[in-house]
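# build the 3D model from these lines:
(one chain, ligands or ions: 1)
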Amino acid sequence: MTAVEVSWSEAGPADAPVVVLSNSLGASRAMWDPQVPALAERFRVITYDTRGHGASPVPPGPYSLDDLVDDVLALLDRLGVERAHLAGLSLGGMIGMRLAAREPGRLDRLALLCTSALLGPRQNWLDRARTARSEGTASLAPVVVSRWFTPGFAATDPATVDRMQAMIAAQPGEGYAGCCEAIADMDLLADLPSISAPTLVISAREDPATPPEHQQAIAEGIPGAELLTVSPGAHLANVEQPLRVTGALLEHFDGGTR
Ligand SMILES: O=C(O)CC1=CCC(=O)O1
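Residues are numbered from 1 along each chain as shown. A predicted model of the protein is given here:
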């Protein structure tokens with residue numbers, strides 16, 4: 001499939017090093033709102049909506065992970081950006097790993113949050129895709145959002161949970177389904193040893209969607225990768241732990257070590 005022109009925004013100085021933020025399944029680029037202001041003090045921050053999500057085009061699925069990578073590369077080309085840092089959460093991290101393995105020359109530093117290199121069972125993703133197409137994403141949103149936050153966070157900040165559930169329900173069924181099919185057919189385990197970008201892997205201890213052993217496997221597979229675990233936190237750890245996650249991203253993209 002040819003690349004689509006994804007919808008994007010930018011913040012920060014135009015001449016600063018570029019950080020691209022890649023969203024999870026079911027989210028728009030607004031999921032990065034807790035990180036953008038601080039990152040934009042030092043970086044040109046580019047957020048975009050993965051195809052099938054937010055304001056991006058929704059071509060008929062299935063999509064492949066390589067399609068989603070092609071969209072990011074096309075965006076960088078359109079913006080005249082030769083190299084960038086990239087942070088991706090969940091599906092965004094899968095896109096980041098594949099991009100890092102395929103096009104190492106386009107990537108400086110990589111941050112992988114709450115993601116996986118192999119997320120089965122395949123049939124579950126195909127079933128979820130079918131439900132998204134037949135019943136819409138609103139039917140999936142309550143279960144999906146229950147994995148995004150710990151019960152403690154949901155009790156103290158129900159407004160954020162409601163907002164995130166509405167975000168999931170607003171995603172087009174076809175776009176969500178196409179991305180589920182990309183995950184169904186994804187296996188990045190063989191890509192990990194060839195990733196040369198300095199990589200920070202962020203894990204959330206209470207994440208039921210991509211449990212910490214998935215990030216452990218990624219950190220063991222990518223040469224020199226660093227692993228940071230935050231807690232409490234579930235799948236959308238950047239929202240539940242904004243200060244911790246933003247601080248870690250700033251330090252990593254600045255080239256520091258913890
Ligand atoms: O929605 C989920 O179950 C968790 C998830 C997998 C890939 C992604 O982006 O979110």
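# please, which helix or strand holds the residue in the stretch 101-250 of the chain positioned nearest to the ligand?
Here the stretch 101-250 of the chain gets closest to the ligand at one residue, residue 209, 3.6 Å apart by Cβ to the nearest ligand atom. C-beta: built from backbone N, CA, C; applies to glycine. Under DSSP states H and E, no helix or strand contains residue 209.
# and what of the one 4 residues further on?
Secondary structure here is read from DSSP H and E; on that basis residue 213 sits in helix 212-221.
# residue 46 belongs to a helix?
No - the assignment for residue 46 (DSSP: H, G, I helix; E, B strand; the rest coil) gives strand, which keeps it out of a helix.
# look at residue 83 and say how many residues are nearby.
Counted with other Cβ atoms under 10 Å, the neighbours of residue 83 add up to 15.
# and the pLDDT for the residue of the stretch 101-250 of the chain closest to the ligand?
The score at residue 209 is 98. That number is its pLDDT.
# right, and it touches residue 113 too?
No - with contact defined as Cβ atoms under 8 Å, residue 209 does not reach residue 113; the gap is 11.8 Å.
# for residue 202, which non-adjacent residue is closest in space?
Once flanking residues are discounted, residue 202 sits nearest to residue 113: 4.4 Å by Cβ to Cβ, 6 or more residues apart in numbering.
# is the one you found bridged to anything, and to what?
Assessed by DSSP bridges, residue 113 has beta-bridge partners residue 89, residue 202.
# tell me if I'm right that it and residue 90 touch.
Yes - using Cβ under 8 Å, residue 113 is in contact with residue 90, at 7.4 Å.
# more neighbours: which of these two?
Neighbours were counted for residue 113 and for residue 90 using other Cβ under 10 Å; residue 113 has more, 32 against 28.
# which strand or helix spans residue 180?
Short version: residue 180 belongs to helix 173-184, going by DSSP H and E.
# near the ligand, which residues of the stretch 101-250 of the chain are found?
144, 147, 183, 209, 235 (Cβ under 6 Å from any ligand atom).
# how about the contacts made by the second one?
This points to residue 147. 207, 208, 209, 234, 235 (Cβ atoms under 8 Å, 6 or more residues apart in numbering).
# buried only: go through these for me.
Among the contacts of residue 147, those buried by neighbour count (16 or more other Cβ atoms under 10 Å) are 207, 209, 234, 235.
# ok, which pair from these is furthest apart?
Maximum pairwise distance among these (Cβ to Cβ): 7.6 Å, between 209 and 234.
# where do the contact lists of these two overlap?
147, 148.
# the nearest residue to residue 139 once chain neighbours are set aside: helix or strand, and which one exactly?
Among residues not flanking residue 139 along the chain, residue 131 sits closest, at 6.3 Å (Cβ to Cβ, 6+ apart). Assessed by DSSP H and E, residue 131 sits inside helix 122-135.
# now the element after that helix, going C-ward?
Defined by DSSP H and E, the subsequent element after helix 122-135 is helix 141-146.
# which helices and strands does the next helix or strand after that following helix pack with?
Next helix or strand after helix 141-146 toward the C-terminus (DSSP H and E): helix 151-156. The elements that helix 151-156 packs onto, with contact taken as 3 or more Cβ pairs under 8 Å, 6 or more residues apart in numbering; DSSP states H and E, are helix 158-169.
# just checking, residue 133 touches residue 177?
Yes - between residue 133 and residue 177 there is a contact under Cβ under 8 Å: 4.8 Å.
# between the two, tell me which one has more neighbours.
For residue 133 versus residue 177, the count of surrounding residues by other Cβ under 10 Å is larger for residue 177: 27 against 17.
# hang on, the earlier thing: list the buried residues for the helix holding residue 180?
Neighbour counts over helix 173-184 (16+ other Cβ under 10 Å) mark 173, 174, 175, 176, 177, 178, 179, 180, 181, 182, 183, 184 as buried.
# need the contact list for the fourth one.
What that stands for is residue 176. Going by Cβ under 8 Å, 6+ apart, residue 176 touches 25, 26, 52, 53, 129, 132, 137, 140.
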